[in-house]
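J.: Give me the fold of what follows.
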Amino acid sequence: MPSSQDIRCTPNSTIEKVPKMTQAYDRVTVLDHPLVQHKLSILRSSETSSKKFRDLIKEIAIFEGYEATRDLPLVDIEVQTPIARAACKSIKGKKVAIVPILRAGLGMVEGMLELTPAARVGHLGMYRNEETHEPVEYYAKLPEDIAERDVILVDPMLATGGSATAAIAYLRKQGVKSIKLAVIVAAPIGIETVLAADQKVHVYTCAIDEGLNDDAYIVPGLGDAGDRIFGTK
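T.: Residues are numbered from 1 along each chain as shown. Below you'll find the predicted structure:
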């Protein structure tokens, strides 16, 4: 796992530097699989079309979903194969919910559902105030039994951590005990903010970038993930 010394900003006056890490990085998983890193390089390119960008977001989300569900509990079962009885494992009835932070988080839902087709999907609508850079909640629709489910909160970008922190706090108020945050690219300060605000959440990311510029965009980042997914800019 990366140490606090591994996660830092490069000297650049336009990049916001991360405060000293105070949280244990055993709550951060960086997906360094070669296929993920290859797909991420294409995702970053400004030449990548909206369709290709959507496809890559979905594909990378599958990898992240695989890691985020690694600790699902199993139960012993017996299965009849064409040859003999076999001792096998089955998921122990754990309920999962996928909750995208609108709108960019929608791009990761399909990939997550390919792994967990029985999962319920909730939605949290938040946007960033372009002046204050603070999250503003405008929509929330969750499964009725959300408190009984393991939630995977998804959003391609973890910049300041404001939207993610607000979403996690909202889910906690609904009684959710298990929350995992899956992003594709994170800024160090965003990770620090999320880990400091919630003592149990686990973060999954494919890259920890240098930092934020003056407009609070991740550097080098992906650009505006929502616009690139939906072709709105």
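
J.: Can you pull up the most central residue in this structure?
T.: Ala182 (1.7 Å; C-alpha atoms, centre = their mean).

J.: Contact partners for that one?
T.: 61, 64-65, 68, 108, 112, 152-155, 204-205 (C-beta atoms under 8 Å, 6 or more residues apart in numbering). C-beta here means a position set from N, CA and C on the backbone, and glycine is covered the same way.

J.: partners of it in the sheet?
T.: Val154, Tyr204 (DSSP bridges).

J.: Which helix or strand lies directly C-terminal to the helix-or-strand element of the chain with minimal mean pLDDT?
T.: In the chain, no helix or strand scores lower on mean pLDDT, DSSP states H and E than strand 123-128, which sits at a mean of 82. With elements assigned by DSSP states H and E, the helix or strand that comes after strand 123-128 is strand 135-141.

J.: ok, that following strand: who's next to it in the sheet?
T.: strand 123-128 (antiparallel).

J.: Have a look at this structure and report its longest helix.
T.: helix 50-68 (DSSP state H).

J.: what lines up beside the helix or strand that that helix is followed by in the sheet?
T.: Of the helices and strands lying after helix 50-68 in sequence (DSSP H and E), the nearest is strand 74-80. With DSSP bridges as the test, strand 74-80 is paired with strand 85-91 (antiparallel).

J.: Can you list the neighbours in contact with the strand it pairs with?
T.: 72-80.

J.: For those residues, give me JSON lines that also has distance to Ile98 and neighbour count.
T.: Output for these, formatted as JSON lines (distance: C-beta to C-beta, whole Å; neighbours: other C-beta atoms under 10 Å):
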{"residue": "Leu72", "distance to Ile98": "14", "neighbour count": "13"}
{"residue": "Pro73", "distance to Ile98": "19", "neighbour count": "9"}
{"residue": "Leu74", "distance to Ile98": "21", "neighbour count": "11"}
{"residue": "Val75", "distance to Ile98": "23", "neighbour count": "10"}
{"residue": "Asp76", "distance to Ile98": "27", "neighbour count": "9"}
{"residue": "Ile77", "distance to Ile98": "26", "neighbour count": "11"}
{"residue": "Glu78", "distance to Ile98": "31", "neighbour count": "8"}
{"residue": "Val79", "distance to Ile98": "28", "neighbour count": "11"}
{"residue": "Gln80", "distance to Ile98": "33", "neighbour count": "8"}
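
J.: Quick one: those residues as a markdown table, columns for pLDDT too.
T.: Output for those, formatted as a markdown table (pLDDT from 0 to 100):
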| residue | pLDDT |
| --- | --- |
| Leu72 | 90 |
| Pro73 | 89 |
| Leu74 | 92 |
| Val75 | 94 |
| Asp76 | 96 |
| Ile77 | 95 |
| Glu78 | 97 |
| Val79 | 96 |
| Gln80 | 96 |
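
J.: now, which of these sits nearest Tyr170?
T.: In terms of C-beta to C-beta, no member of these lies closer to Tyr170 than Leu72, at 23.9 Å.

J.: That closest one and Leu115 touch, don't they?
T.: No. Counting by C-beta atoms under 8 Å, Leu72 does not reach Leu115; the two are 10.4 Å apart.
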